[in-house]
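Peer 1: 3D model of this:
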Amino acid sequence: MKFMNIENEVFKCFDTNFGPIIEGVIHIAGLRMLLWGHNGIEKERICHDVCQLPPGWSLACDLDVQIEREVYRLTLLAGAYEFAFKPYMKCISAQGKFMEEVLTCITVRQSGKGYAALDFREVLSSHAMF
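Peer 2: Predicted coordinates for the structure are as follows:
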């Protein structure tokens, strides 16, 4: 498993720079609860029920993004999960589709608050555009 992160508004994995836009098939790997401290993450636990999130903890969602023949783990923190990914999942579900069947474009952009934000959209096949 290779881990992807966002650095300077660009998707990266070690020395590979993917740029600000990636396209791939997403598989939800799971949810985690994170407890942040002054030096980063102090504790983490698997999250079985988001309603049971303890006070002071935040939610993270691990995605496995298949880009061509390689799979990368991308972790979404609470804001990206809640305000970008969940609405996208609801839209895909409302169309009667499953996330694993859809090619998704993920774009990283500046949020205006000093951190990167993500946008998710379905990549439509060329025959669907007519």
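Peer 1: assign the residue most central in space within the chain to helix, strand or coil.
Peer 2: Nearest to the mean C-alpha position of the chain, by Cα atoms, centre = their mean, lies Leu76 at 4.4 Å. What DSSP: H, G, I helix; E, B strand; the rest coil gives for Leu76 is strand.
Peer 1: correct me if wrong: it contacts Lys86.
Peer 2: No: taking Cβ atoms under 8 Å as the definition, Leu76 is not a contact partner of Lys86, at 9.7 Å. Using the backbone N, CA and C atoms, a C-beta is placed for each residue, glycine as well.
Peer 1: and the nearest residue to Arg73 once chain neighbours are set aside, how far from Glu68?
Peer 2: Closest residue in space to Arg73, ignoring its immediate chain neighbours: Phe3 at 4.9 Å, by Cβ to Cβ, 6 or more residues apart in numbering. Distance, Phe3 to Glu68, using Cβ to Cβ, to the nearest Å: 17 Å.
Peer 1: and those two? which has more neighbours close in?
Peer 2: Using other Cβ atoms under 10 Å, the more surrounded residue of Phe3 and Glu68 is Phe3, with 12 against 7.
Peer 1: what about that one, which SS state?
Peer 2: strand.
Peer 1: wouldn't it be in contact with Val65 here?
Peer 2: No: Phe3 is beyond contact range of Val65, at 10.9 Å (criterion: Cβ under 8 Å).
Peer 1: kind regards, and thank you for your time.
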